[in-house]
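Asker: need a structure here:
(one chain, ligands or ions: 1)
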Amino acid sequence: MQMDIFTLLPGVFAPYLDASILARAAKNDLIDVRVHDIRAFTTDRHHVCDDTPYGGGGGMVMKPEPVFTALESVLGSPPACKVVLMTPQGRVLTQQLAYEYAALPRLAILCGRYEGIDERIREHIVTDEISIGDYVLTGGELPALIFIDVISRLLPGVLGDPDGASDDSHASGLIEYPHYTRPQVFRGWRVPDVLQSGNHAEISRWRRQQSLMRTQARRPDMLLKADLTDTDRAYLRSINPEADPDLSKKNET
Ligand code: ADE
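Answerer: Residues are numbered from 1 along each chain as shown. I've put the predicted structure just below:
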């Protein structure tokens, strides 16, 4: 998958991309992340990319000309792929959304800076707007890295384990079960016996129940959308019949 990043801080991407699992993904041609410096597309002597807002007020606004020139020079006009703006005003990124973007062959990501971007960028060249959560960062670069990371690890071959992403918290609509590795006893704390039993059916059942229990305790909202079997619902009722009236309503239907 090709990802074209448009930013005023091109230097922040390589340190992460070159150090993580994504470096191997790039080496194996599974992802091709290209970082474009918006400032390089300015035509004035001082390479100005921001200006004061019409109507007054504080802060600076990202100018439209360098952004349009950058996007159109690299992606064509109109752009050959989706142009995603990282912004706290966008749709909040979820695992489900990540799967949708991971299915695309190419994606452009625009990182906002300053107090905002000229609205004409948003109206006439951006196709999608994504937020990584309900908080505001100083720019879209960290959100873009998160977006790239979330998408990349879903691409076939990026994780060593082919099932690597399917057990994740959120992949199934539930929080993931707990993991243990050696030693069997650490400071007196034992690994649960079931995990050493060799009984794969029992292990699967225990893990599913742990996921359900954790999700009910930490993110009961997720249970309303999760794909639950009758066995799952019976288990949830057995551990906490009162926990969620909506869930018991859902069980009756
Ligand atoms: N830019 C600033 N804050 C952001 C957020 N929460 N998500 C995406 N882009 C942003």
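
Asker: what does the stretch 101-250 of the chain have sitting close to the ligand?
Answerer: 112, 131-133, 135-137, 140, 143 (Cβ under 6 Å from any ligand atom). Any C-beta I mention is one placed from the backbone N, CA and C, and that applies to glycine too.

Asker: would JSON lines of those with secondary structure be doable?
Answerer: Converted to JSON lines, those look like this (DSSP: H, G, I helix; E, B strand; the rest coil):
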{"residue": "Gly112", "secondary structure": "coil"}
{"residue": "Ser131", "secondary structure": "strand"}
{"residue": "Ile132", "secondary structure": "coil"}
{"residue": "Gly133", "secondary structure": "coil"}
{"residue": "Tyr135", "secondary structure": "coil"}
{"residue": "Val136", "secondary structure": "coil"}
{"residue": "Leu137", "secondary structure": "coil"}
{"residue": "Gly140", "secondary structure": "coil"}
{"residue": "Pro143", "secondary structure": "helix"}
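
Asker: mind checking the SS state of Ala242?
Answerer: Let me fix one detail, which is that residue 242 is Glu and not Ala. Glu242 ends up coil, using three-state DSSP.

Asker: quick revisit: in TSV, list the residues of the stretch 101-250 of the chain next to the ligand along with pLDDT.
Answerer: Below are those laid out as TSV (pLDDT from 0 to 100):
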residue	pLDDT
Gly112	93
Ser131	98
Ile132	98
Gly133	98
Tyr135	97
Val136	96
Leu137	97
Gly140	98
Pro143	98
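
Asker: filter those residues to the buried ones?
Answerer: Buried by 16 or more other Cβ atoms under 10 Å: 112, 131-132, 140, 143, out of these.

Asker: State the pair within these that is farthest apart.
Answerer: Gly112 and Ile132 (12.5 Å; Cβ to Cβ).

Asker: which neighbours do the two share?
Answerer: Here Gly112 and Ile132 have Met86 as joint contacts, going by Cβ atoms under 8 Å, 6 or more residues apart in numbering.

Asker: Outline the domain layout of the chain.
Answerer: In terms of domains, the chain is parsed into 2-152, 185-252 (source: automatic domain parsing).

Asker: The first one: end-to-end distance?
Answerer: The one in question is domain 2-152. From its first residue to its last, domain 2-152 covers 10 Å (Cα to Cα, to the nearest Å).

Asker: dump the residue contacts of Ala171.
Answerer: 95, 165.

Asker: roughly how far apart are it and Lys27?
Answerer: As judged by Cβ to Cβ, to the nearest Å, Ala171 and Lys27 stand 25 Å apart.

Asker: Stretch 201-216: which residues count as buried?
Answerer: In stretch 201-216, counting by 16+ other Cβ under 10 Å, buried: 203, 206-216.

Asker: how distant is it from the center of its chain?
Answerer: 25 Å (Cα atoms, centre = their mean, to the nearest Å).

Asker: for stretch 22-30, same thing?
Answerer: 18 Å.

Asker: Check stretch 196-206 too.
Answerer: Going by Cα atoms, centre = their mean, where stretch 196-206 is centred and where its chain is centred differ by 31 Å.
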